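Engineer: Model the structure of this input:
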Amino acid sequence: MEHKLRKSSTDKSIHGVCGGIADFFGISSFAVRLIFIFLPANVIIYAILANTMAESERTL
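Structural biologist: The predicted structure follows:
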């Protein structure tokens, strides 16, 4: 099964970018959010990822 980087539909604060990255790497979404806080170009990187990452499939 191929695991793709997608926005999270369940673990989202704004767009689901951090939740999707956390699901992809198997780590806590809180840790990913902390990393984004301390990145020098965090707003630019987050905006690019929010616009380019694919949406996750919705499940019931």
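Engineer: Give me the nearest residue to the residue nearest the centre of the chain, chain neighbours excluded.
Structural biologist: For the chain, the residue sitting closest to the mean C-alpha position, by Cα atoms, centre = their mean, is V17 at 2.3 Å. Counting by Cβ to Cβ, 6 or more residues apart in numbering, the nearest residue to V17 once its immediate chain neighbours are dropped is L49, at 4.8 Å. Glycine gets a C-beta too; all of them are placed from N, C-alpha and C.
Engineer: pLDDT score assigned to that neighbour?
Structural biologist: Listed pLDDT for L49 reads 93.
Engineer: The one 4 residues further on now?
Structural biologist: M53 carries a pLDDT score of 91 in this model.
Engineer: does the residue nearest to V17 count as helix, strand or coil?
Structural biologist: Classification of L49 by DSSP: H, G, I helix; E, B strand; the rest coil places it in helix.
Engineer: What count of nearby residues applies to it?
Structural biologist: Neighbours of L49 under the rule other Cβ atoms under 10 Å: 17.
Engineer: go on, L5?
Structural biologist: L5: 14 surrounding residues under other Cβ under 10 Å.
Engineer: Then S9?
Structural biologist: Other residues close to S9 by other Cβ under 10 Å number 14.
Engineer: need the contact list for it.
Structural biologist: G16, E55, S56, E57, R58, T59 (Cβ atoms under 8 Å, 6 or more residues apart in numbering).
Engineer: Let's see that with 7 Å instead.
Structural biologist: Taking Cβ atoms under 7 Å, 6 or more residues apart in numbering, we find S9 in contact with G16, S56, R58.
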